[in-house]
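Trainee: mind folding the following:
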Amino acid sequence: MTLEAFQSGLSWLVILRKRENFRKAFSGFSIPAVAAYTEEDVERLLLDAGIVRNRAKIETAIANARVAMEVPEGLSELVWRYADPGAPVPATAADVPAQTAGSKALAKELKRRGFRFVGPTTAYALMQAIGLVNDHIADCWVRREISA
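Mentor: From the prediction side, this is the model:
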């Protein structure tokens, strides 16, 4: 979810090129570790040239980790409730949606719980990233491989 929030307004390529730097800077994306970050950590991250140095996004990542710690059923279980096993298989890249009814519902629930920077498009990107949806087009070798 951290990378999705940082991507907002930027190219995915920029974020993907910095992914390992983000992983290092944000304690391997450990929710408890990031939730414990202090203002000192925010300042450290603002000086880290390996990531996107945007105070609002850094503070959002920390705030979202804190909110995630409060999800009684766990963030993973919450997000997986929005899986749609009957989603259509895209025939072409143009058939891959930017958001769905499921991502809209997920974004609404995440916002209700206090998460920030999670609109329906960001929620859908999260769903793609964790494998909740498989948007590989019908004749893609990856789709065949993971469906086997």
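
Trainee: domains of this structure?
Mentor: For the chain, the structural domains run 1-70, 72-148, going by automatic domain parsing.

Trainee: buried stuff in stretch 73-91?
Mentor: Burial within stretch 73-91, assessed by neighbour count using 16 or more other C-beta atoms under 10 Å, is assigned to 75, 78-79, 82, 90. (C-beta placed from N, C-alpha, C; glycine too.)

Trainee: quick one: A65 and I31 touch, right?
Mentor: Yes: using C-beta atoms under 8 Å, A65 makes contact with I31 at a distance of 5.0 Å.

Trainee: tell me which of the two has more neighbours.
Mentor: A count of neighbours by other C-beta atoms under 10 Å puts A65 above the other of A65 and I31, at 23 against 20.

Trainee: in what element of secondary structure is the more buried one found?
Mentor: Per DSSP states H and E, A65 falls inside helix 55-69.

Trainee: and that helix, average pLDDT?
Mentor: The average of the pLDDT scores along helix 55-69 is 98.

Trainee: how about stretch 4-13?
Mentor: On average, stretch 4-13 scores 89.

Trainee: now swap in stretch 116-125 and tell me
Mentor: Along stretch 116-125, the predicted confidence averages to a pLDDT of 93.

Trainee: need the residues that contact it.
Mentor: With C-beta atoms under 8 Å, 6 or more residues apart in numbering as the test, stretch 116-125 has contacts from 1, 4-5, 7-8, 57, 60, 63-64, 97-100, 103-104, 106-107, 110-111, 126, 133.

Trainee: for ChimeraX, what selects the buried ones among those residues?
Mentor: ChimeraX command restricting the contacts of stretch 116-125 to the buried ones, with burial defined by 16+ other C-beta under 10 Å:
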select :1,4,5,7,8,57,60,63,64,99,100,103,104,106,107,110,126,133
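
Trainee: show only the entries of the contacts of stretch 116-125 found in helices.
Mentor: For the contacts of stretch 116-125, membership in helices holds for 4-5, 7, 57, 60, 63-64, 103-104, 106-107, 110-111, 126, with DSSP state H as the criterion.

Trainee: those into a markdown table, with extra columns for distance to T38?
Mentor: Compiled in a markdown table, the ones in helices among the contacts of stretch 116-125 are given as follows (distance: C-beta to C-beta, whole Å):
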| residue | distance to T38 |
| --- | --- |
| E4 | 24 |
| A5 | 19 |
| Q7 | 25 |
| K57 | 17 |
| T60 | 16 |
| A63 | 13 |
| N64 | 16 |
| S103 | 32 |
| K104 | 34 |
| L106 | 30 |
| A107 | 28 |
| L110 | 24 |
| K111 | 25 |
| L126 | 26 |
